[in-house]
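Asks: next one to model:
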Amino acid sequence: MTALPAWALRPATAADLEALVELRAEAMRPDLERLGRYDGHRVRQRMRDGYRPEHTSVIEAPGPVGCLALAPDERPGTLLLEHFYLRPALHGRGLGTAVLRAALERADAAGLAVRLNVLSGSPARRLYERHGFALESEDPVDVFLHRPARPLPGKAVS
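Replies: Got it, this is the predicted structure:
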């Protein structure tokens, strides 16, 4: 395994959108092709339609290599983790684990649960399960996972 690159999160801006759209297409292509569902226009448009820079962070390692959005969910007391992508060349180097751990620490500090969905058969599911996510439901394309709130010791949940 190659060493974990130095990395940081920075707030996303509207100007980041198109670079993140292309990153999403690159990162999702193998899983979507495996499922017979890759459509280059659709994969890009879904990111454009769902992009909320106020809830999105760009992963720099150095330069933009990924993104992650952690936004309030429709369910009270829960955050939705979405748009978590890394350049495929960085997979398997511990960067996704480090970024996910940082996001979950934010949720834990706030006493919030986290939910997400991952494509069926994606290796990313193992990453999420190692971090306490459990199956909520699934269909032939999507797997929905949930991680209960884990308040930090000594922190009351509001």
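
Asks: check contacts around Tyr128.
Replies: Leu100, Leu116, Val118, Leu145, Arg147 (C-beta atoms under 8 Å, 6 or more residues apart in numbering). (Each C-beta comes from the backbone N, C-alpha and C, glycine too.)

Asks: measure the last one to Leu116 for me?
Replies: Put plainly, it is Arg147. 8 Å (C-beta to C-beta, to the nearest Å).

Asks: shared neighbours, the two?
Replies: Listed as contacting both Arg147 and Leu116 by C-beta under 8 Å, 6+ apart are Tyr128, Phe133.

Asks: sorry, back to before: give me the subset of the contacts of Tyr128 lying in strands.
Replies: Leu116, Val118, Leu145, Arg147 (DSSP state E).

Asks: does Glu105 count as helix, strand or coil?
Replies: Three-state call for Glu105 (DSSP: H, G, I helix; E, B strand; the rest coil): helix.

Asks: buried ones in the longest helix seen in the chain, by neighbour count?
Replies: Ranked by number of residues, the top helix in the chain under DSSP state H is helix 17-34. Judged by neighbour count (16 or more other C-beta atoms under 10 Å), helix 17-34 contains these buried residues: Leu20, Val21, Leu23, Arg24, Ala25, Ala27, Met28, Asp31, Leu32.

Asks: so for that helix, what's the average pLDDT?
Replies: What helix 17-34 shows for mean pLDDT is 93.

Asks: packing partners of that helix?
Replies: For helix 17-34, the packing partners by 3 or more C-beta pairs under 8 Å, 6 or more residues apart in numbering; DSSP states H and E come out as helix 40-50, strand 64-72, strand 78-86, strand 113-119.

Asks: got TSV for these, with mean neighbour count and mean pLDDT too?
Replies: What follows is the helices and strands packed on helix 17-34, written out as TSV (neighbours: other C-beta atoms under 10 Å; pLDDT from 0 to 100):
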stretch	mean neighbour count	mean pLDDT
helix 40-50	13	95
strand 64-72	20	96
strand 78-86	21	96
strand 113-119	20	96
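
Asks: dump those to JSON lines, plus distance to Ser57.
Replies: Supplementary listing: the helices and strands packed on helix 17-34 in JSON lines, determined by distance: least, C-beta to C-beta, whole Å:
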{"stretch": "helix 40-50", "distance to Ser57": "15"}
{"stretch": "strand 64-72", "distance to Ser57": "5"}
{"stretch": "strand 78-86", "distance to Ser57": "10"}
{"stretch": "strand 113-119", "distance to Ser57": "15"}
